[in-house]
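[1] Pasting the sequence and the predicted coordinates here, then a few questions.
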Amino acid sequence: MRMLALGLGVIVGLVALAPARLLLPAPPLAATSVTGSLWQAQLSGAALGRMQLGDVALALQPGALLKGRLSWQAAGSLNGQIWRGFTAGGVVGLNGRLTGSPLPGLPLAGISLADVMATLDGAGRCEAASGQVTADLALPLAGQRQLTGAPRCDGAALLLPLASGDGRVRLDVTIAAGRWTARLAVSGAGVGEAAALTAAGFREQGGALVKEDSGA
């Protein structure tokens, strides 16, 4: 038993003291530089996709190592836990605000997260998701400035259905197998706004102006 405990201690120590750049960051998280060890890491110029996070500090949670996980407590513009395992990964209790749009072509100024949890398996299939997401529009659509919704699993896909308070603006983002699709629908736009949206690539569909996009 003492030898087992000693062996676990050596493994935990080696992993914790390994350079952070060996395992951090993991896509879609990126950074201009990563310093420190896996025990205490500092990400400078961090970004999540196209959204800028600035500087983020990560502190390893030792207890998770005994469960076969690498788990970090994040502090900065995002606060919460980020974890990776042999067969899955995800976030727990994620809070904060991200500036910019995570997906190209979407008129978003930023996204706020409240107690967001998501678990994806090794193939990127959604296993669980919850929390609250608020998206700020870069320009008003049908008089609306914000969209809110709760992430959830839709089969193997991670679905983020966002809508304005009056339901006239909807944004549905689906992430599956490493790809994303987005559908932005605007109902009740005025004549001038409708003309501008049409010029921006929106098309009439079921009584709403709709723009769809996808990517990896």
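    The structure has been received and is ready for your questions. Given the structure is predicted, the values throughout are model-derived calculations rather than measurements.

[2] what is the rounded mean pLDDT of the longest strand seen in the chain?
    Counting residues, the longest strand found in the chain (DSSP state E) is strand 126-141. The average pLDDT within strand 126-141 is 92.

[3] Can you list the buried residues in it?
    Neighbour-count burial for strand 126-141 flags 126, 129, 131, 133, 135, 137, 141 (criterion: 16 or more other CB atoms under 10 Å). (Each C-beta comes from the backbone N, C-alpha and C, glycine too.)

[4] Torsion angles phi and psi at Gly124?
    Per-residue torsions, Gly124: phi 80, psi 10 (degrees, to the nearest 10).

[5] can you tell me how far it sits from Ala31?
    Plainly put, Gly124 is 22 Å away from Ala31 if you go by CB to CB, to the nearest Å.

[6] Those two - which one has more neighbours?
    Set Gly124 next to Ala31 and count neighbours by other CB atoms under 10 Å: Ala31 wins out with 20 against 15.

[7] OK, contacts around that one?
    25, 43-47, 56 (CB atoms under 8 Å, 6 or more residues apart in numbering).

[8] unless I'm mixing things up, Ala46 is touching Gly54, no?
    Yes: with contact defined as CB atoms under 8 Å, Ala46 reaches Gly54; the gap is 6.6 Å.

[9] For the chain, name the helix or strand with the lowest mean pLDDT.
    Lowest mean confidence among the helices and strands of the chain (mean pLDDT, DSSP states H and E): helix 2-17, at a mean of 37.

[10] how long is stretch 139-156 end to end?
    32 Å (CA to CA, to the nearest Å).

[11] Could you check it and say which residues are buried?
    Quick answer for stretch 139-156 (16+ other CB under 10 Å): 141-142, 144, 146-147, 149, 151-154.
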